[in-house]
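Student: My questions are about this predicted structure, shown below with the sequence.
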Amino acid sequence: YRDGKEWSNSWLTVGASSRYNDKIKASFSNFGKQQVDIFGPGVEIYSTVPKNTYDWAQGTSMAAPAVAGVAALVWSYYPRLTASELRTILIESGNAHPALEGMSINAKVVDALKALKMAETYAKK
């Protein structure tokens with residue numbers, strides 16, 4: 001969004017969510033009711049680190065790849081979706097959370113299963 005208007009129908013801005021319902025927005029996450037489209041898991045993510053090992057990490061740098069992974073999963077099953085349709089599916093199928101109201105445009109956290117189910121309806125059009 002720029003000056004209150006959407007400037008790209010395929011761009012997705014991601015915030016970091018936690019697994020804690022009472023603190024769903026990660027304390028360090030970017031947010032904004034006109035800036036963030038959707039949240040993805042970004043707290044206590046078990047991930048690869050240097051020297052061929054794993055460790056716990058957090059950040060929007062964990063949340064954005066999680067949302068991108070859901071997008072890749074959906075697109076792998078439904079490759080004829082446009083980028084705009086995929087963006088809409090990710091946002092519309094997300095799980096609404098009242099604590100994210102005012103923290104993002106849509107107040108939702110990405111949901112892979114719901115995104116796949118919604119993509120199926122788009123594919124049948």
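Tutor: Happy to help now that I have it. Residues are numbered from 1 along each chain as shown.
Student: Which residues does the lengthiest helix in the chain contact?
Tutor: Among the segments of the chain that qualify as a helix by DSSP state H, the longest is helix 60-77. Helix 60-77 is contacted by residues 12, 14-17, 26, 28-30, 38-43, 45, 47, 81, 86, 89-90, 110-112, 115-116, 119 when judged by C-beta atoms under 8 Å, 6 or more residues apart in numbering. Heads up, the C-betas are built off the backbone N, CA and C, glycines and all.
Student: quick one: which of those residues sit in strands?
Tutor: Cross-referencing the contacts of helix 60-77 against strands under DSSP state E gives 14-17, 38-41, 45, 47.
Student: Just the endpoints, please. Distance across stretch 28-39?
Tutor: One end of stretch 28-39 to the other measures 13 Å (C-alpha to C-alpha, to the nearest Å).
Student: Show me which positions of it end up buried.
Tutor: Under the neighbour-count criterion of 16 or more other C-beta atoms under 10 Å, stretch 28-39 has 29-30, 36-39 buried.
Student: would you turn these into JSON lines with distance to residue 97 and pLDDT?
Tutor: JSON lines is the format used below for the buried residues of stretch 28-39 (distance: C-beta to C-beta, whole Å; pLDDT from 0 to 100):
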{"residue": "29", "distance to residue 97": "13", "pLDDT": "91"}
{"residue": "30", "distance to residue 97": "16", "pLDDT": "85"}
{"residue": "36", "distance to residue 97": "13", "pLDDT": "93"}
{"residue": "37", "distance to residue 97": "14", "pLDDT": "93"}
{"residue": "38", "distance to residue 97": "11", "pLDDT": "96"}
{"residue": "39", "distance to residue 97": "8", "pLDDT": "97"}
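Student: can you name the farthest residue from the center of the protein?
Tutor: Distance from the C-alpha centroid of the chain peaks at residue 51, with 28.9 Å (C-alpha atoms, centre = their mean).
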